[in-house]
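K.L.:
just coords:
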C-alpha cells in the first residue's frame, strides 16, 4: 500500500497511477460516449492557461485565428490520396440530419439521409485548403498564416484520458507560402515555438527532431515532432509540424500569380498540439502524492487553507486569509498576476490540504489562529513536499512570504523543469548495435502494461533507409515494442555505423517505447 | 447606386446590405458544407474579444469552464420529452465510424455501423445533466456552476451568416441548485449579465424580459431573453436564460442529500449566447459604408495608414507611424491596452483606408510626409465618418492625439451605444388595440424580404393567455409575420386591456418582426 496521497505509486503500476492522478486531481473523467472525455474544471483551467500562452506565441509569429466547419464533405477527404489512407479508418460519419418519432421511439428519418455523407473533422487540411484556394490570388496574398482552435474526432479503439481520446481539443496551424524554402523555414519555426512553449510554460523538456518517413503525417513531405519523456521512460509525441510540399495545394488547387506573372502552386505547412499535452504534464511532473502543476499553468498557484474550528476566532482567521489573498493577487509572477485562492469550503482543513496536494497546487498555505495572531504563514511547496515520508512545512512572516511569493513561484517553475530535464538527459543512452538495443530494452518488453523498470531512450546511428528497408527496420523494432521517435535537430559532427544495416550512418535517432 | 463604400444601402435592400457588410468587412463566408460558415480573421477577432470579456463576467459570477463530449447518445436526447420534440427535427446524426475504399471510392463501411447513433450536440443539457448526476451528492456540492464554450449543430434549411447557421459557436452555462428560489434568482442574474455585457461591450441596447410560453426552450419552465433592435426594425434574440425546474434533474436523476438527510431533486438552469451576437452588432451599428465596430470588440482600434509613394521619404513616414503605434499601444482604453496597428500592405493607401472603413475600425489615421515632418496626425472617426457625403478628417498634433486616444475610443464606444439606444427607445410604439397593431405593421408585411419601411416594435398589454388561447394569439400574429418577443422586466404599475381578448391585461409585451 502507498504511504502517499494516491492509492497506487508510479513504481507499483504506472498506468494505474496515471489514472489515479487524473481522477484524484479532478482533471477529467470518462463519459458515457465511447472514447470521449469530460474535462472537469481543474483540467479545463489548465487547458485555458496553456491555450492562452500558446495562442500569444502563435499570434506573435504572425498568425490570425479563424474558424472552419466541423464537417468535411466525403469528397474532400478523398482528394489527397495518402491523406485518405491515413484517416479513412477512424472517422465519425454523419449520414442523416433528422430523427423521427416512430411509436414513441426516436429513429433515423430515412427521408433525411444526406446526399453526401459528412465527416467530423479528424484534421482540417482539406477544408482549410478549400478556403485557401479562394483566398490566395497573387504573391501579395502570401504568406497566408492561419490558426484554428477546435475539437477534432478520430475514432479510437483503446482510449486513455487526455492521451488518446476519440474527441480531443487542439490547435491546428495552416499556412501557405510562395516557395519551398520559406515553407520549410516556417515548419521549423513553429516546431521551435512548440519546443520553447513546452519547456517554458509546461516546464516539460522535449527533444525536437524529424520523424522517420514511416511516421509522417499522411500527405506530408516532412514531419517534425517534439518528444517528451514520461516518468516510465516512454516517449510522448507532444506536438508535430509538417511541411506538406505541394500535395494539398495540387489536390485543392491553391495557386497564385507569381511575380513573373505566371502561376505557381503554394507550398503549405500544418502543425498542431492538443489536450494530449496535459497527459504529458501529468506524467512528467506527477509524483506519488498526485499532480504537480508548473505555476505557469496552475489555475490556482497559491492556495490558502484556513484551519477553521467552528469557534469565534474563525472570523479572524478568515479575514487574515482573505487579506493575504488580496495582497498576493497584486503581485506578478511569470508574466501574470498571482492566482491566489482561499478555500472556504465547509470541509475539514486536512481534507482540503490533501485535495490541493493531489491537484498539484504549487504552494499550499495552512493558516490557523496562531498564524493569524502572530502575522505568520505556514506553507508547503508542492514541488518539494516531503523529506522522506515527512511533509515539509515552512514558517515565515506574512510580509516576507508576500514579498517573495512571485520569486517562489518562479523558482518552482524552474525546479520542475530542472528535475525533468536532468531525468531526460540522463536517460538517453547511446547504443552502438542492434544486439545492445535488444539487451537494453528486451527484459521489459513482456510486462509493458504494468510498472516496467525505467529504461529511457536509446540514441543510435542509422543509415536512414527508406521504403521496404525502412519497413524491415520498423518491424524489427516493433517486435521489441519500440519505435523511432525522431532524429534530433542537434546532431553530432560524425555519426557511427547504422545499427540496423552496418552501413555508414547518416544521422542519429532516438528509439523508445511510446504512448 | 450607392455613393457609399458598399454597393447597396440599408434603405435599398437591408438583407443584401447585410450580406455586403459581412463580405466586404471580411467577417465570414459561406463554406462548401451546407449551412456552415467560415469565420475569417476579422470576424473571429471580434469573437475572441467578445468571448474573453463575457468569459470574465461568467467567471466573476462563480462559474468554472468545463468541456463535455461533442456527441450525445440518442437515448439521452430521448429522456426529456419536450426536449425531443424541440430538437429532434434538426440534428446531425453520426451512424458510422469508418469509411472504406471500394474500388478506389470511399464508401460507408457497413461493418462500422454504430450500435446506437450519436447526435452532434444541438445543446448540452442532457450530456451535462448526466455528469451532474454523478457530481452532485449532497447539498454541500451545490450550487454547481458550470460553463462551456463549444460548437453546436442544428440543421437549418434557410441559413444566413452569423444569424442562423447549421454549426455555430456559443457558450452554454449549466447550473444546479438546491431549491427553486435560488435557481430562479440565478436565471435572472445571468440574464442581467447578458444585458450588461451587450450594452457595455457590444454597445448594443437590449430589452430583457420573459418569453411567452410558446417561445420557451424545449423543457424549460421559464425562458428569458435579451432582444436587440436591428436597423430594419426587426428584433434579434441575442441571448436566453432558462429556468428548467426539475424537468432535466428528474429525467437524468440529479438528486442530492438535503440538510435534513432526505433526497431532493436539483433545480437547474441553462443560458447561452452565440456567434449570432456578431450579426446583431453588424445590424445595430453598420452603416452604408460598412461595419462600425464598438472599440471594445474591435481587433484593431486605431489603424494607421502610411501614405507611401515609393519615394525616399517613405522610410521617414513609416518610422513615424511605427513610433506612433508604439506610443498608442502603451495607453489603456476600456480596460485593455489600446490595439493600434500600422497597415504596411503594399497596396494604395486609398484602398487601405476604404478597407478599414468597411471593416469598421473605430479610428483611421492617414499619415503622409507632411504629417511626419510636422508632428501631426490626420484622423477619421468611424462612428461619425461623414458630413453629408463629405468625409470628416481631423488634424491634430501627434502629442494631443496620443494623450486623448483612450478618451476618444471610450467616446466612440459611448456614442455608438447612445445612437442605438435612442433609436430603440424611439421605435417602441405603445399600441392599444389589435386593429391598430394591424394598421401599424400591416403595410410592410408584403415585401418583408427587401428594404421594408422601418417600423420598430409595438408595446401592448395582454392577458397572458396559455395553451390553445395562446396558440390563437400566435396564429393571428403570424399572419402579420409578427411574434411576441418578451415581456420586459420593467413593467408599468397598471396595465391596459389585452389587445387580443379585451380582458384585463396582466403585463405588457413587445411585438415585432424578428430574425
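P.N.:
Sure thing, it's come through. As the structure is a computational prediction, the values presented were derived from the model and not from experiment.
K.L.:
tell me which residues in whatever helix or strand residue A:405 lives in are buried?
P.N.:
Residue A:405 belongs to helix A:398-426 when elements are defined using DSSP states H and E. Of the residues in helix A:398-426, A:398, A:401-402, A:405-406, A:408-409, A:411-413, A:416-417, A:419-421, A:423-424 count as buried by neighbour count, 16 or more other Cβ atoms under 10 Å in any protein chain shown. Where C-beta positions appear, they are placed from N, C-alpha and C, glycine not excepted.
K.L.:
Stretch A:183-202 now?
P.N.:
Residues A:183-184, A:186-188, A:190-195, A:197-202 are the ones in stretch A:183-202 that count as buried (16+ other Cβ under 10 Å).
K.L.:
ranges for the helices of the stretch 201-350 of chain A?
P.N.:
Listed in chain order, the helices of the stretch 201-350 of chain A (DSSP state H, counting those that start in this stretch) span A:247-252, A:276-285, A:314-329, A:349-359.
K.L.:
Which of these has the highest mean neighbour count?
P.N.:
Of all the helices of the stretch 201-350 of chain A, helix A:276-285 has the most neighbours on average by mean count of other Cβ atoms under 10 Å in any protein chain shown, namely a mean of 26.
K.L.:
Determine the set of other helices and strands touching that one.
P.N.:
Helices and strands touching helix A:276-285, by 3 or more Cβ pairs under 8 Å, 6 or more residues apart in numbering or on different chains; DSSP states H and E, are helix A:14-24, helix A:41-60, strand A:222-229, strand A:235-243, helix A:398-426.
K.L.:
out of those, nearest to residue A:93?
P.N.:
Among the helices and strands packed on helix A:276-285, the nearest to residue A:93 by Cβ to Cβ is strand A:235-243 (24.8 Å).
K.L.:
How is chain A partitioned into domains?
P.N.:
A:14-285, A:295-412, A:428-512 (automatic domain parsing).
K.L.:
will you turn the ones you listed into CSV that also has distance to residue B:105?
P.N.:
What follows is the domains of chain A, written out as CSV (distance: least, Cβ to Cβ, whole Å):
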stretch, distance to residue B:105
domain A:14-285, 8
domain A:295-412, 46
domain A:428-512, 27
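K.L.:
Without its sequence neighbours, what residue ends up closest to residue A:510?
P.N.:
Closest residue to residue A:510 apart from its sequence neighbours, by Cβ to Cβ, 6 or more residues apart in numbering or on different chains: residue A:485 at 4.3 Å.
K.L.:
what's the answer for residue A:4, then?
P.N.:
Distances taken as Cβ to Cβ, 6+ apart put residue A:288 closest to residue A:4, at 3.8 Å, once the chain neighbours are dropped.
K.L.:
you'd agree the one you found is up against residue A:9?
P.N.:
Yes: assessed by Cβ atoms under 8 Å, residue A:288 is found in contact with residue A:9 at 4.5 Å.
K.L.:
and stretch A:4-22, which residues are buried?
P.N.:
Residues A:4-6, A:8-10, A:13-14, A:16-22 are the ones in stretch A:4-22 that count as buried (16+ other Cβ under 10 Å).
K.L.:
and which of those is nearest to residue B:236?
P.N.:
Closest to residue B:236, out of all of the buried residues of stretch A:4-22 and judged by Cβ to Cβ, is residue A:22, at 42.4 Å.
K.L.:
List the contacts of that closest one.
P.N.:
With contact taken as Cβ atoms under 8 Å, 6 or more residues apart in numbering or on different chains, residue A:22 is in contact with A:28, A:29, A:43, A:161, A:162, A:282.
K.L.:
rerun at 7 Å
P.N.:
A:28, A:161, A:162, A:282 (Cβ atoms under 7 Å, 6 or more residues apart in numbering or on different chains).
K.L.:
just residue A:357 next, same as before
P.N.:
Shown in contact with residue A:357 (Cβ under 7 Å, 6+ apart): A:5, A:289, A:290, A:364, A:382, A:385.
K.L.:
next helix or strand past the worst-scoring helix or strand of chain A on mean pLDDT?
P.N.:
One helix or strand of chain A scores below all others by mean pLDDT, DSSP states H and E: helix A:81-87, with a mean of 70. Per DSSP H and E, the first helix or strand lying C-terminal to helix A:81-87 is strand A:93-96.
K.L.:
distance between the helix or strand just after that next one and the chain's centre?
P.N.:
Using DSSP H and E, the helix or strand that follows strand A:93-96 in sequence is strand A:99-102. Centre-to-centre, strand A:99-102 and its host chain are 41 Å apart (Cα atoms, centre = their mean, to the nearest Å).
K.L.:
Now whichever helix or strand comes after strand A:99-102: buried residues?
P.N.:
As assigned by DSSP H and E, the chain's next helix or strand after strand A:99-102 is strand A:105-108. Neighbour-count burial for strand A:105-108, counted by 16+ other Cβ under 10 Å, picks out A:106, A:108.
K.L.:
show me what contacts the residue in the stretch 351-500 of chain A that chain B sits nearest to?
P.N.:
Going by Cβ to the nearest Cβ, chain B is nearest to residue A:351 of the stretch 351-500 of chain A, at 11.8 Å. By Cβ under 7 Å, 6+ apart, the contact set of residue A:351 is empty.
K.L.:
same question, the one 5 residues further on
P.N.:
Residue A:356 sits next to A:303, A:364 when contact means Cβ under 7 Å, 6+ apart.
K.L.:
where in the stretch 1-150 of chain A is pLDDT low?
P.N.:
In the predicted model of the stretch 1-150 of chain A, residues A:1-2, A:81, A:83, A:87-88 satisfy pLDDT under 70.
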